[in-house]
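# what follows is a predicted structure for the sequence shown.
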Amino acid sequence: AGAKLRTGVNVVGPVLGANDRVIGVTAEVGPDKEPATFHAPLVVAADGVSGRFPLALGLAKREDRPIGVAVRRYYRSPARHDDDYLESWLELRAKGNEALLPGYGWIFGLGDGRVNVGLGILNSSKAFGKTNYRRLLTEWLANTPADWGLADEANAEGPILGAALPMGFNRVPHYTRGVLLVGDSGGMVNPFNGEGIAYAMESGELAAEVAVQALARSAAAERERALLAYPQVLKDRFGGYYRLGGIFVKLIGRPEIMRLATKHGMPHPLLMRFVLKLLANLTDPRGGDAMDRVINAMTRAAPAV
């Protein structure tokens with residue numbers, strides 16, 4: 001479609017025109033960091049968790065929206081690498097210690113002899129920001145069965161890596177002054193489950209559709225009107241669902257509620273199927289079964305974030 005990929009280019013800031021509108025970016029090119037400037041009628045900020053570009057425009061993250069931290073590592077595990085399902089751990093315990101560890105874990109097979117293992121903590125937890133997350137991961141894995149191979153450091157491949165999970169539209173507005181925010185840059189991680197790739201892709205698709213509509217218009221005022229529709233499109237798609245996710249995050253941040261929910265909820269398959277659909281955002285938007293209709297009604301009733 002005429003796109004030009006430029007590698008070895010690090011964008012460092014916006015170029016501002018009249019009325020502080022962004023008309024391009026400044027960058028450093030190559031190993032010698034040669035300064036360069038690129039101009040464009042529209043800029044899409046898809047710079048991930050750091051959000052350096054929107055920060056340069058004064059768009060800080062909202063502290064009243066959920067955020068999480070996740071760490072993960074790859075391990076060789078002949079016993080678990082070819083599992084058919086992602087395994088979620090709602091209760092983490094260290095070896096020889098009955099006390100619950102903070103956070104929620106996962107294990108999923110990659111099918112090549114390895115598994116992806118990690119854990120996440122939400123800012124609704126008292127342990128958020130006060131925990132050594134890498135040590136927490138190894139303490140939990142030390143309590144897993146020996147034949148899984150996850151308690152043996154020799155089976156680890158690569159270091160433990162971590163990242164923030166900006167959730168529930170925690171950076172807004174998603175369009176301002178010639179810039180569209182996409183994915184993690186606009187805080188679009190699902191508050192229910194910490195998943196962000198699908199929402200980055202969907203918001204990128206929506207941003208592209210809006211950009212095409214806007215740039216097809218000759219008058220500046222009409223282009224701007226089309227661009228200003230982007231935040232509303234995102235709200236219509238995800239706003240109510242993310243509002244429910246924010247409530248969910250606050251509830252599971254309370255250990256007594258989490259214990260009650262797991263004790264009385266997990267033995268009921270029908271209820272767990274409902275929870276799975278809600279947490280993974282797997283409802284059919286056009287009809288579906290009774291569960292779909294209930295979740296869709298909840299989403300529509302919730303005020304958009």
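Cool, got the structure.
# can you list the buried residues in stretch 208-222?
210-211, 213-214 (16 or more other CB atoms under 10 Å). The C-beta positions use only the backbone N, C-alpha and C, and glycine is treated the same way.
# can you check stretch 221-238 too?
223, 226-227, 229-231, 233-235, 237-238.
# quick one: what helix or strand has Glu157 in it?
strand 156-166 (DSSP states H and E).
# report all helices and strands that that strand contacts.
strand 67-76, helix 133-141 (3 or more CB pairs under 8 Å, 6 or more residues apart in numbering; DSSP states H and E).
# ok, now with 10 Å
Applying 3 or more CB pairs under 10 Å, 6 or more residues apart in numbering; DSSP states H and E, we find strand 156-166 packed against strand 67-76, strand 114-122, helix 133-141.
# partners of the helix or strand following the first one in the sheet?
Proceeding C-terminally, strand 67-76 gives way to strand 87-89 as the next helix or strand, assigned by DSSP H and E. Taking DSSP bridges as the criterion, strand 87-89 forms sheet pairs with strand 104-109 (antiparallel).
# just want the angle from the strand it pairs with to helix 133-141.
70 degrees (axes from the mean of the first three to the mean of the last three CA atoms, to 10 degrees).
# now do the helices in this structure.
Here the chain has its helices, by DSSP state H, at 52-56, 133-141, 197-215, 220-227, 229-234, 240-252, 255-265, 269-280, 290-301.
# in the first one, which residues are buried?
Within helix 52-56, the residues that qualify as buried by neighbour count (16+ other CB under 10 Å) are 53-56.
# out of the helices and strands packed on strand 156-166, which is closest to Asn155?
strand 67-76 (4.5 Å; CB to CB).
# quick check: angle from that closest one to helix 240-252?
Going by the same axes, to 10 degrees, strand 67-76 makes 80 degrees with helix 240-252.
# for strand 67-76, the distance to its chain's centre please.
13 Å (CA atoms, centre = their mean, to the nearest Å).
# how far off strand 156-166 does it point, in degrees?
Using the same axes, to 10 degrees: strand 67-76 against strand 156-166 is 160 degrees.
# packing partners for strand 67-76?
Looks like strand 67-76 contacts strand 104-109, strand 114-122, helix 133-141, strand 156-166 (3+ CB pairs under 10 Å, 6+ apart).
# same thing but 7 Å
Judged by 3 or more CB pairs under 7 Å, 6 or more residues apart in numbering; DSSP states H and E, strand 67-76 is in contact with strand 114-122, helix 133-141, strand 156-166.
# buried deepest among the ones you listed, which one?
Mean neighbour count, computed with mean count of other CB atoms under 10 Å, is highest for strand 114-122 among the helices and strands packed on strand 67-76, reaching a mean of 22.
# so what strands line up beside that strand?
As assigned by DSSP bridges, strand 114-122 forms pairs with strand 67-76 (antiparallel), strand 104-109 (antiparallel).
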